[in-house]
Every structure is written in structure tokens, then in C-alpha cells.
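Asker: Sequence plus the predicted model coming up.
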Amino acid sequence: MITMLMAWIVAGAEGIPIPYSPRIDDCITVVLLGCFFLSSYVLSRSRKFLLQLVKDFLLHRERTSIFATSTATDMRYLLLLILQTCVLAGVYFFNYFNDEQPGLVQHVPPVVLLGVYVGICLLFLFLKWLIYSFLGWIFFDDSTTALWIESYSTLLYYLGFALFPFVLFIVYFDLSLQFTVIIGLFLLFLTGILIFYKWLKLFCNNLYGSLLLILYFCALEIVPCFMLYQGMMQLNDYLIINF
């Protein structure tokens, strides 16, 4: 009996594997730290420029696009902020699908999965930019289209700042799937309200025009979100089968 007990102590008992969690993933930590330093750096360099963008968005000034007067340095900072928004959105989707489909990270490496989600967000924004530019070229003048692209970009910059604290809470406080969905829907709803407000300022001149805007809003803002979600769900199923 003593011999068997000593053999069991020496061999050791088989441990229980710890399930994967984004909060213990070094890659997620590095990404969030990078976003923090990027936000701090851009705010220290272009704080006045970003505040001017907010004023132009809310006051709806009739002027040429601020992109025409911004410096090359400012444009680089703004592109970095769009990239940050896509990265944080990718982390959000990664955390959501990790809770929704826990077996996903067992088939696909987390780094690859995160990179795929970030790439999808970048592609999604690029396609929306193409659609907005095409519709503006058909229905509106160049100045109005430029004002809308600038306003939409301003929303993207500040969406990245708003996403950062929410993503920190979601990842490191291990919030439930329900709270994750609520936070995502809240940010989506707030962004949609601001988009519709800017549409009314730029494109609406009467009641008939506001009714058409509602239809365009559903077609250009709500339907693509559902398509994005369904596409990511199908992509996850494909990755599980083929990895």
C-alpha cells in the first residue's frame, strides 16, 4: 500500500486543462497595450485637430472638407485611428465568438482568428467607403460627398476611443455573453443615431426626403451589419471544419 502511494506521488495526478480565455492570452494583452499607447500618442499630437472634427460634425459647417487642409502627418494619425478601431472591433468579435463557440479556438490558433476578424473589419469599412463614394458620385456633388466621408470617418475615430474601455471590461472582467451583446448593441445604436443625424443635416430638405433617408439607412447601415454577422458565423463554421 505504501509502495503504491509513493508511486502515485512520484508519477503525479493528471491535471485538468485550463480552458482558453482571452484575458490570459499574451497576444490580446500586447494588442490592447499597443492600442493604448497609440491612442495616447495620437491625442498628444493631434488633440486640437480631433476636437475640430467633432465641432464640424455637430455644427455642420458649410465648407470644404478638412481633409483638403490637413497635413500629411494628421492624415497618418487618422489612418492609424481607423486601424485601431478595426483592431478593437476584431478583439470584440474574437471575445464574443469565443463565448458563443468555445470550440473555435481549439481548431484555429487565436492569433490567426484575431487577424481574420481584424481583416474582415478593414474589408467591411473599405467596401462601405466604396459604396458611399459611388452613391455620392451618382446623386450628390463632390463637396457634399466629401463632407459625409469626413463625418463618417470622424465617427470611426471616436468609435475606437469608445471601444477601448468597453473591450477592456469585456476581456479582463470576463463579462457574460449577454453583457457583451448589450455593449455591442449600445455602441451600434449610438453610432447609428449619429449617422442618421448627419444624414438629416446633409441630405434632407423636406419630409419626403426624410422618409427616403430611413429606407437608405436600413439598406446601407442595418442590413450590412446583419450580413457581416452572418458571414462571420459561416466563416467560423468553415474554419472549424477545415482547420
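Answerer: Perfect, I can see it now. Keep in mind it's a predicted model, so treat the numbers as computed, not measured. Numbering: from 1, shown residues only.

Asker: contacts, neighbours, all on C-alpha from now
Answerer: Will do.

Asker: where are the low-confidence patches of the protein?
Answerer: 1-17, 60-74, 205-210 (pLDDT under 70).

Asker: quick one, longest helix in this protein?
Answerer: Ordering each helix of the chain by length in residues (DSSP state H) puts helix 26-59 first.

Asker: quick one, what contacts the most centrally placed residue in the chain?
Answerer: Most central in the chain under Cα atoms, centre = their mean is Ala89, positioned 2.7 Å from the mean C-alpha point. Each residue near Ala89 by Cα atoms under 8 Å, 6 or more residues apart in numbering is listed here: 118, 121, 163.

Asker: for Leu175, helix, strand, or coil?
Answerer: Look at Leu175: counting by DSSP: H, G, I helix; E, B strand; the rest coil, its state is coil.

Asker: how close does it sit to Phe166?
Answerer: Using Cα to Cα, to the nearest Å, Leu175 is found at 10 Å from Phe166.

Asker: still on that earlier bit, what comes up buried for the longest helix of the chain?
Answerer: Buried positions in helix 26-59, judged by neighbour count with 16 or more other Cα atoms under 10 Å: 28-29, 32, 35, 38-39, 42, 50, 53-54, 56-57.

Asker: picking up where we left off before, can you tell me which of the contacts of Ala89 has the most neighbours?
Answerer: Among these, the one with the most neighbours (other Cα atoms under 10 Å) is Val118, at 24 neighbours.

Asker: so that residue touches Gly90, yeah?
Answerer: Yes: using Cα atoms under 8 Å as the test, Val118 is close enough to Gly90 to be in contact (4.5 Å).

Asker: And the helices in the chain, which stretches?
Answerer: Taking DSSP H, the helices of the chain run over residues 2-11, 26-59, 72-100, 104-107, 110-139, 142-172, 177-203, 207-217, 223-242.

Asker: now for those, which one comes closest to Pro19?
Answerer: Of all the helices of the chain, helix 104-107 sits nearest to Pro19, with 9.7 Å by Cα to Cα.

Asker: roughly how far apart are Met232 and Lys48?
Answerer: To Lys48, Met232 is 37 Å away according to Cα to Cα.

Asker: Oops, could you answer that again for Tyr96 instead?
Answerer: 35 Å.

Asker: picking up where we left off before, between Leu175 and Phe166, which has more neighbouring residues?
Answerer: Legend: neighbour count by other Cα under 10 Å for Leu175 and Phe166, higher for Phe166 (16 against 13).
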